[in-house]
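**Student:** Pasting a predicted model and its sequence here:
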Amino acid sequence: MANLLVLGTQWGDEGKGKIVDLLTPAFDVVARYQGGHNAGHTVYVAGRKIVLHLIPSGILRPATFCVIGNGVVIAPSAFFQEIGDLEARDIRVDPTRLAVSRGAHLIMPWHPLVERISEERRGEKRIGTTCRGIGPAYEDKAARLGVRAGDLADLRVLREKIVETVAAKGSVLGAAGLAALDAEAIYREYAGWAERLGPYLRDVSDLLHERMKAGQNVLFEGAQGALLDLDHGTYPFVTSSSSTAGGAATGLGVGPRTIHGVLGITKAYTTRVGSGPFPTELFDDTGKAIASRGDEFGASTGRPRRCGWFDAVAVRYACRVNGIDRIALTKPDVLAGLGGISVCTGYRHKGELLKTFPPEAWMLEGVIPEFRTLPGWPEFARGAAGLEDLPPAFVDYVRVLEDLIETRVAIVSTGVAREQTLFVESEIRDFVDLGRVRAGGAV
Ligand code: GDP
Ligand code: IMO
Ligand code: MG
């Protein structure tokens, strides 16, 4: 197996950062294909917590080259802030190991402003976005008003675009009582970024093509999760990018057949940040216990995450729309000692059992989940090497999930650290070179 795509199968925060970091030694390149600094990917290295937002999680392994694709939206200030934070922790980030696509769109100062206005206007129906300007940046991209990273190479083009767009946004900001933007000041700021970002800018499609031709392999890193995808998620309570597997091809300029396997990251329960339907949400003490034991607070915004039982209808859907080959199951340790563990096996809508997941938010809001309750399991022993070392009730849980989602589990994560992970060797070996992962240390 050469190239692997890793993505979330729920509403984000499944533990993608941990798994990408863990698998990185088996790959030469790690490439992000969508989203922006709305993401928060947590990795623990030697007990140190590191949260990545815009920069691929592969950056923590010194031998890895990282790529940010055209499908990503970039706020230059957030980009350099993150590089500064990493360098303060002795992680070197420079153009010799990180490339940014010239086609990536830039988040401009008006984007977070427009987003706040739009969220306020929605009132009760607000999406609960991260307010980082992500949605409006993608809106401008679709409206063909966007400023691309490559535009920084020609300051005349940059100034022209900024002047035009500031004029176009004036009425929106004015109607909300905000002061007019100063196009010249914005131009000066971005001309400054041009100098710093310039050395990172590359034709990423060509770069990946050449590296793959030379025999290097690529880990495609998804942000957010399948249920937040603009097309396949619970619209309109979604993000504005293509977080499903198809997004990797358009978001990096690679052909779909360069993706040889798809690994879905799945939490052993469900969480969601922001608004939107969540059929298995728990409002009781069990929900609170999961939130507190799982430390379920947003890695980007710090907002509390809503918690609920595992939703097999939703994850089976995610497996279908992404063509997922195998699952990495994370955070089952959080459920240990809870007593009975429930799993949603089906939805009823107006009395009828639905065959498939309805991604329309209005329909999902009206479904009644059906649950099956399984026996709980005690705390996991440290240092389990294989599934057989884990409590039998948990192994039964895994088997039930596999049957319901029609996909096999290849990795089980039992804690935040790299070494708290076990591989089901027979399931993973066709997709990842475990020898290289192990040589990378910690497992
Ligand atoms: P991401 O956005 O998918 O990368 O996930 P986040 O980093 O936002 O959230 C996942 C959280 O769960 C992080 O704090 C991780 O350190 C933590 N985590 C990952 N895997 C495990 C696990 O197996 N057990 C526990 N208890 N925590 C985990
Ligand atoms: P990672 O990569 C969880 C959610 C927001 C909001 C919706 C739209 O860490 O899994 P946006 O700012 O993207 O327009 O917000 O999407 N959201 C996430 N939820 N994890 C994320 O990223 C998310 N990125 C966006 O909370 O509901
Ligand atoms: Mg996250």
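**Tutor:** Here it is on my side, so go on. Ligands and ions are numbered 1, 2, ... in the order given.

**Student:** C-alpha only now, for contacts and for neighbours.
**Tutor:** Will do.

**Student:** residues from this protein in reach of ligand 2?
**Tutor:** 11-13, 38-41, 127-132, 134-135, 223-224, 228, 238-240, 273-275 (CA under 6 Å from any ligand atom).

**Student:** In helices, which of these fall?
**Tutor:** Among the residues of the chain next to ligand 2, the residues falling in helices (DSSP state H) are Ile134, Gly135.

**Student:** burial of Asp94, as a residue count?
**Tutor:** 12 (other CA atoms under 10 Å).

**Student:** Where does it sit: helix, strand or coil?
**Tutor:** coil (DSSP: H, G, I helix; E, B strand; the rest coil).

**Student:** Now it. Nearest residue, chain neighbours left out?
**Tutor:** Tyr200 (7.6 Å; CA to CA, 6 or more residues apart in numbering).

**Student:** which residues sit in contact with that neighbour?
**Tutor:** Asp94, Pro95, Leu98, Ala99, Val100 (CA atoms under 8 Å, 6 or more residues apart in numbering).

**Student:** The fourth one should be in a helix, yeah?
**Tutor:** In this case it means Ala99. No: assignment of Ala99 by three-state DSSP gives strand, placing it outside any helix.

**Student:** ok, it touching Val67?
**Tutor:** Yes: using CA atoms under 8 Å, Ala99 makes contact with Val67 at a distance of 4.9 Å.

**Student:** who in this structure is up against ligand 3?
**Tutor:** Within the chain, the residues that sit near ligand 3 (CA under 5 Å from the ion) are Asp13, Gly40, His41.

**Student:** can you tell me which of those residues lies nearest to Leu173?
**Tutor:** Top of the list for closeness to Leu173, among the residues of the chain next to ligand 3 and by CA to CA, is Gly40 at 29.0 Å.

**Student:** Contacts only, for the residue in the stretch 201-350 of the chain positioned nearest to ligand 1.
**Tutor:** Among all residues of the stretch 201-350 of the chain, Lys331 sits closest to ligand 1, at 3.6 Å; criterion: CA to the nearest ligand atom. By CA under 8 Å, 6+ apart, Lys331 lies in contact with Lys267, Ala268, Tyr269, Gly294, Ser413, Thr414, Gly415.

**Student:** out of Ala99 and Val67, which sits in the busier spot?
**Tutor:** Neighbours per residue, other CA under 10 Å: of Ala99 and Val67, the larger number sits with Val67, 30 against 22.

**Student:** Can you tell me the strand partners of the helix or strand that contains the more buried one and which way each runs?
**Tutor:** Element membership for Val67 (DSSP states H and E) is strand 65-68. Strand 65-68 has its sheet partners listed here by DSSP bridges as strand 29-32 (parallel), strand 98-101 (parallel).

**Student:** pLDDT (mean, whole number) over the first one?
**Tutor:** Pointing back at strand 29-32 there. Averaging pLDDT along strand 29-32 gives 98.

**Student:** quick one, what contacts Arg305?
**Tutor:** Thr271, Arg272, Val273, Gly274, Ala291, Glu296, Phe297, Gly298.

**Student:** Just the closest of the contacts of Tyr200 to ligand 1, please.
**Tutor:** For the contacts of Tyr200, the nearest to ligand 1 is Leu98 (19.4 Å; CA to the nearest ligand atom).

**Student:** Give me the neighbour count for the closest one.
**Tutor:** Count around Leu98 with other CA under 10 Å applied: 23.

**Student:** what's near enough to touch it?
**Tutor:** Here Leu98 is in contact with Phe65, Cys66, Val67, Ile68, Tyr200 (CA under 8 Å, 6+ apart).

**Student:** could you pull out the helices for the stretch 51-200 of the chain?
**Tutor:** 76-88, 110-122, 134-142, 155-175, 183-197 (DSSP state H, counting those that start in this stretch).

**Student:** Around Leu335, how many other residues sit close by?
**Tutor:** Counted with other CA under 10 Å, Leu335 comes out at 22.

**Student:** partner residues bridging the nearest residue to Asp203 once chain neighbours are set aside?
**Tutor:** Leaving aside its sequence neighbours, Asp203 sits nearest to Ser101 (CA to CA, 6+ apart; 5.7 Å). Under DSSP bridges, the beta-bridge partners of Ser101 are Arg202.

**Student:** Verify the stated contact: Ser101 with Ile68.
**Tutor:** Yes: the criterion here is CA under 8 Å, and Ser101 meets it with Ile68 at 6.1 Å.

**Student:** tell me the centre residue of the chain?
**Tutor:** For the chain, Ala223 is the residue whose C-alpha lies nearest the centre (CA atoms, centre = their mean; 1.9 Å).

**Student:** I figured it hits Glu14, correct?
**Tutor:** No: using CA under 8 Å, Ala223 is not in contact with Glu14, being 10.0 Å away.
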